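Q: Fold the following.
(chains A, B and C)
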Amino acid sequence: MSIDRVSGLALLGIAIFVAVESRVLPFGTHSRPGPAYLPFILALFLGAMSLILIFYPKKDSLIIKQLRWREGRHALAILACCFFGTFAIEQLGYRITMIIILGFLFAVLERMKIWWALLWTLGLALGSFWVFDSLLKVPLPRGGLGI
Amino acid sequence: MTETFQNLWLGFATALTPANLFYALMGCLIGTMVGVLPGVGPLAGISLLLPTTFGLDPTGGLILLCGVYYGAMYGGSTTSILMRIPGEAASVMTCIDGYAMAQKGRAGPALFISAFGSYIAGTLSVIGLMFLAPPLARFALGFGPPEYFSLLAMGLIVLGYMTGGSMVKNLAMIALGLLCGMIGIDHMSGYFRFSYGVAALGDGIGVVPVAVGLFGIAEILSTAGQEKRPEVIKPKLRDLLPSREEFRDALKPIGRGTILGFFIGIIPGSAHIISTFVSYAVERRLSKHPEKFGRGAIEGVAAPESANNAASEGALVPMLALGVPTGPIPAVLLAALMVHGINPGPLFIKEQPVIFWGLIASMYIGNFVLLLLNLPLVGLFVNFLRIPYKILYPMILMFCMVGVYAVNTSYVDVAIMSVMGMLGYLLRKFDYETAPIVLGVVIAPIIEMSFRQALAMSGGKYSIFIQRPISALFLAGAFLMIILALRPLIKKGIDWGWRSQLTKAEKGD
Amino acid sequence: MIKWRWLWAILLGIGGLVGNFGIAFADYPTRPITMVVPFPPGGVADLTARPLAAALEPILKQPVAVVNKSGAGGAVGMQFVAVAKPDGYTLLLALSSISVMPEVDKLFGRPQTYKREDFVPIALLNADPTVLAIRKEAPWKSVADFVADAKKRPGEIKYSSSGMYGTLHVAMEMFAHAAGIKLRHIPTQGGGPALTALLGGHVDAFAVGPSVIASQLKAGTVRVLACWGAKRLASMPDIPTFIELGYKDVEFYIWAGLFAPKATPPEIVKILREATKKAAHSAEFKNAMDKLNTPIYYLDGPDFQKFWDEDAARLARAIRNIGKVE
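A: A predicted model of the protein is given here:
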């Protein structure tokens, strides 16, 4: 299966999802479009595009097996950090969250020497906190522990 | 004419006082910093400085804030070119060709041309602002919902074939971006769409988390695990400056970008990012080598950067000439004046010549200061690329997270950024362009609202789009573009048909 | 031998505990206070909050930080304070839209992001009635002309607003309902675009706060026909009120008030009310409000509650009259 076909299927799924979800909202009339009017039309358009991709994929596009995922494990770990940060930043506070994330990236993922990693982690986490919180007066959360 | 020059003289006298010079310098510095940091854009920077200006005199305060505003446009291109992370949402287009140039070792020229283009655009726009503010503002007011819709519709069509790759895929991405932009409250009916009860989604997905996620995070995800790190050649001084050919190639795009950006900027309610997309698409259309775009074409850096700066100064035209805010940033600037008891209105230029002309003069100075600031920094910035990537990318990740969070102190934005990062990574794997999504998110609310407002204005008759001259013009342009775009497809269709006949014939043998 | 180290540790521990959990009320405030403004910087709420915060600081002897938490018409920031710890360190500076949103939620049958009852009012700071602005080229010389024209061609006169069920929309519909006329509503994305629409001639009228329209009025690009107040505006003494003209119950104010979460202890609320009274009457605050063309209209807690309840009832009626527009 070529990648165009696979991605086309995914887009078709999104289009169907939007079309179904927008049925809850009033469609309105053509002279007074309601909130569902344009989303539905866009969903139809996206659906049409995805059908074209499914049935007329580019001739020289790769097939699924040919995709390289070598950086995949790394990417997954970084994404996990992002999502962890999302929820931790207000619960644990900015500095602790950053120390955890940066420490993980430097020491575990990149396997830097521990003391070197620690230096960078603390430097960046605390330094950025100072720049934003004290210099730019952007309140960064201090988390449940008050740090 | 002489009156203008007299006023300008007065303006320079005001702008060159040590206090105002200091504020201009401060503004430019902070603006550059704010522009370089991903996520935190000029709006955030200006909002943060707003309370500080309460204690200053109105001229100084306005000079400071405006310095941040156009300064951020200079700084935004730096991270775009060096790391493919938009420093602020409007720099997304620079990421495409700017980063490609950096990867070929031409980061220096890219940074140079971007600073130079920004300077030309900035200065020319101030001249426009100076001479043409009142009539231009009145012209801009004539842009109502039907004109908006037609203009944006034309812009979207133009985008359909702006970058390489399949047009179908680009159109799909635009549709996806538009859908993402429709998340949130529908201003015309009060219904919440696709927000599933999350209050923070009620206002929609911001363009900042989307841009930073799709470009910055996705870039890190794609590159961090690579075993072969991109080789960064130590740049020689010669490599920091653009070649004569690059310089020549960049001049016309700078000119076109400036004019386009300025006129799009004066329209109330348009976003700067639209000017960058449109100028990029125009350059691609006009270029004799469109296949260069996306792979390091200097025009792809010069035009958007100039358009950016021109648009940001164009946005000041209705604000200064009529007291009408064209967007969130001019609204904050207006507030900064209102706090001092000055209410900008149509009489602002006449009643407050010191402030107006002082600001104009300060903008000339500020643009020049920024040019001087950014050029030597090119060498510094290029060396930044030599930091080993394994140290660089956690740093980038941190800046992205804190930058996006800082905009609204909302962790939901960080979540959106992460999701967009994942999406961007997958899209790149599957060979899609991600820039149209950003544009879709920005345009969606404007185009939908304009469409429905126009219909409300006309009582439901679609003829309003053709009856009003400017709107009709844009629609005609859009139609023309569709025809032009379809020509190769029609040819291909004939090609396909022919080829499939061939294969059938082969099979039959 | 007495282990001094242990004694010190125990004493420090007790001191820490007492300091954090002990006599919190009597010493309120002991740390910085956050004033949440649920709108982006530069708006009416923001420009009222900042001078107020600055005036409160010397009185409360603690920093008062203004934090903008904008989104969903203010719902994000309001919800944030509604569920915040009611210890007096998180306050809300809200506009009259605080009463509107729960009503709109009720209208749409969706769960309310917050309720009016989630807040205890501390003080009202200003209450500007909106005014009816028209273009200078418009043919109407008075409200009577406007109403007569509207009756002749129902649904033809266009007006802009800052959004569906926004303040400018509700105000206009209140008048339209009382006058028995039908107007055509063109929502925009905010007060700025609404003004732009009028100046560009894309709509014929709109309701707006007097401070916003003052400069345009002076320059002569717009005219004002009436105001939604109980009394005439000091800054526009020739403009009649709708009540004078015979439209009963047509009153609409864009007001700003200070709130705290409902469960905040009454002693702390009392301290805040005293402090805000002093701050609102301070010279710096007056100065700041004068510059913004927004006269101070101060009401203390209980009076504010009465005002708020009346205003909210009016708004609720108006919203129910508007109903759902598809």
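
Q: any idea whether the residue nearest to B:Leu241 when sequence neighbours are not counted is helix, strand or coil?
A: Nearest residue to B:Leu241 in three dimensions, chain neighbours excluded: B:Phe112, at 6.1 Å (CB to CB, 6 or more residues apart in numbering or on different chains). For glycine as for every other residue, the C-beta is placed from the backbone atoms N, C-alpha and C. Following DSSP: H, G, I helix; E, B strand; the rest coil, B:Phe112 is assigned to helix.

Q: what's the burial count for B:Phe112?
A: 21 (other CB atoms under 10 Å in any protein chain shown).

Q: I figured it hits B:Leu240, correct?
A: Yes. B:Phe112 lies in contact with B:Leu240 (CB atoms under 8 Å); the separation is 6.9 Å.

Q: Any chance you could list residues touching both of these two?
A: Taking CB atoms under 8 Å, 6 or more residues apart in numbering or on different chains as the contact rule, B:Phe112 and B:Leu240 both touch B:Val378.

Q: Tell me both backbone torsions, phi and psi, for C:Arg135.
A: When read as degrees, to the nearest 10, the backbone of C:Arg135 gives phi -70, psi 150.

Q: Residues touching stretch B:359-375, excluding its own?
A: So stretch B:359-375 is contacted by B:8, B:11-12, B:14-16, B:20-21, B:24-25, B:27-29, B:31-32, B:59, B:62-63, B:66-67, B:70-71, B:74, B:78, B:111-112, B:115-116, B:118-119, B:122-123, B:126, B:129-130, B:313, B:320 (CB under 8 Å, 6+ apart).

Q: In contact with residue 7, which residues?
A: This is for chain A. Counted by CB under 8 Å, 6+ apart, A:Ser7 has contacts A:53, B:430, B:432.

Q: my bad, the chain I had in mind was chain B
A: B:353, B:357.

Q: any idea how far B:Trp357 is from it?
A: Distance, B:Asn7 to B:Trp357, by CB to CB, to the nearest Å: 5 Å.

Q: Bridged to the residue nearest the centre of chain C, which residues?
A: The residue lying closest to the centre of chain C (CA atoms, centre = their mean) is C:Leu95, at 1.4 Å. Beta-bridge partners of C:Leu95, counted by DSSP bridges, are C:Ala256.

Q: on that earlier part again, can you pick the most crowded of the contacts of A:Ser7?
A: With neighbours taken as other CB under 10 Å, the top of these is A:Leu53, carrying 26 neighbours.

Q: Three-state assignment for that residue, please.
A: helix.

Q: Do you know the pLDDT at it?
A: Looking at A:Leu53, its pLDDT is 86.

Q: element containing the residue lying closest to it once chain neighbours are set aside?
A: Leaving aside its chain neighbours, A:Leu53 sits nearest to A:Gly8 (3.2 Å; criterion: CB to CB, 6+ apart). Assigned by DSSP states H and E, A:Gly8 belongs to helix A:3-21.

Q: Let me see the contact set for the closest residue to B:Gly128 other than its chain neighbours.
A: Spatial nearest neighbour of B:Gly128, excluding adjacent residues (CB to CB, 6+ apart): B:Phe262 at 5.7 Å. Shown in contact with B:Phe262 (CB under 8 Å, 6+ apart): B:121, B:124-125, B:128, B:310-311, B:313-314.

Q: who wins for most neighbours among those residues?
A: That'd be B:Ala310 among the contacts of B:Phe262, by other CB under 10 Å, with 36 neighbours.

Q: how about the nearest residue to it, chain neighbours excluded?
A: B:Gly261 (3.2 Å).

Q: hang on, the one you found in a helix?
A: Yes. Assignment of B:Gly261 by three-state DSSP places it within a helix.

Q: Distance check, it against chain C.
A: Separation of B:Gly261 from chain C (CB to the nearest CB, to the nearest Å) stands at 20 Å.

Q: That residue and C:Val36, how far apart?
A: From B:Gly261 to C:Val36 the distance is 37 Å (CB to CB).

Q: So these two - more neighbours on which side?
A: Between B:Gly261 and C:Val36, counted using other CB under 10 Å, the more crowded position is B:Gly261 (33 against 23).

Q: wouldn't B:Ala89 be in contact with B:Val207 here?
A: Yes. Using CB under 8 Å, B:Ala89 makes contact with B:Val207 at a distance of 4.6 Å.

Q: Report the set of residues contacting both of these two.
A: Here B:Ala89 and B:Val207 share the contacting residues B:273, B:438, B:442, scored by CB under 8 Å, 6+ apart.

Q: Identify, by residue count, the longest helix of chain C.
A: In chain C, assigned by DSSP state H, the helix with the most residues is helix C:301-322.

Q: Excluding sequence neighbours, find me the nearest residue to C:Ala65.
A: Among residues not flanking C:Ala65 along the chain, C:Thr34 sits closest, at 5.4 Å (CB to CB, 6+ apart).

Q: Next one: the top strand by length along chain C, is it in contact with chain B?
A: Taking DSSP state E as the assignment, the strand of chain C that covers the most residues is strand C:119-129. No. Strand C:119-129 stays clear of chain B (CB under 8 Å from any CB of the partner chain), getting no nearer than 13.8 Å.

Q: Give me the below-cutoff pLDDT ranges for chain A.
A: Applying pLDDT under 70 to chain A picks out residues A:60-61, A:135-137, A:143-147.

Q: quick one, helices of it?
A: Taking DSSP H, the helices of chain A run over residues A:3-21, A:37-55, A:72-91, A:94-103, A:114-129.

Q: chain center to the longest one: distance?
A: Taking CA atoms, centre = their mean, to the nearest Å, one finds the center of helix A:72-91 at 10 Å from the center of the full chain.

Q: From the contact counts, what lies against that helix?
A: helix A:94-103, helix B:218-223, helix B:389-408, helix B:411-429 (3 or more CB pairs under 8 Å, 6 or more residues apart in numbering or on different chains; DSSP states H and E).

Q: quick one: contacts of it?
A: A:96-98, A:100-101, A:104-105, A:109, A:141, A:143-144, B:217, B:220-222, B:224-225, B:393, B:397, B:401, B:405, B:411, B:414-415, B:417-418, B:421-422, B:425.

Q: quick one: which of the contacts of A:Ser7 is nearest chain C?
A: B:Tyr432 (29.8 Å; CB to the nearest CB).

Q: just to revisit the earlier point, contacting residues for the residue nearest to B:Leu241?
A: So B:Phe112 contacts B:240-242, B:375, B:378 (CB under 8 Å, 6+ apart).

Q: quick one: low-confidence parts of chain C?
A: C:1-26, C:326.

Q: Could I get the full set of helices for it?
A: Per DSSP H, chain C carries helices over the ranges C:4-21, C:44-60, C:75-82, C:97-108, C:143-152, C:167-179, C:191-199, C:210-219, C:266-280, C:283-291, C:301-322.

Q: again with the stretch 51-200 of chain B
A: Ranges of helices within the stretch 51-200 of chain B are B:58-83, B:92-103, B:107-141, B:145-160, B:167-181, based on DSSP state H, counting those that start in this stretch.

Q: Go through the ones you listed and pick out the most buried.
A: helix B:58-83 (a mean of 29; mean count of other CB atoms under 10 Å in any protein chain shown).

Q: Next up, the contacts around C:Arg273.
A: Applying CB under 8 Å, 6+ apart, the residues contacting C:Arg273 are C:122-123, C:300-301.
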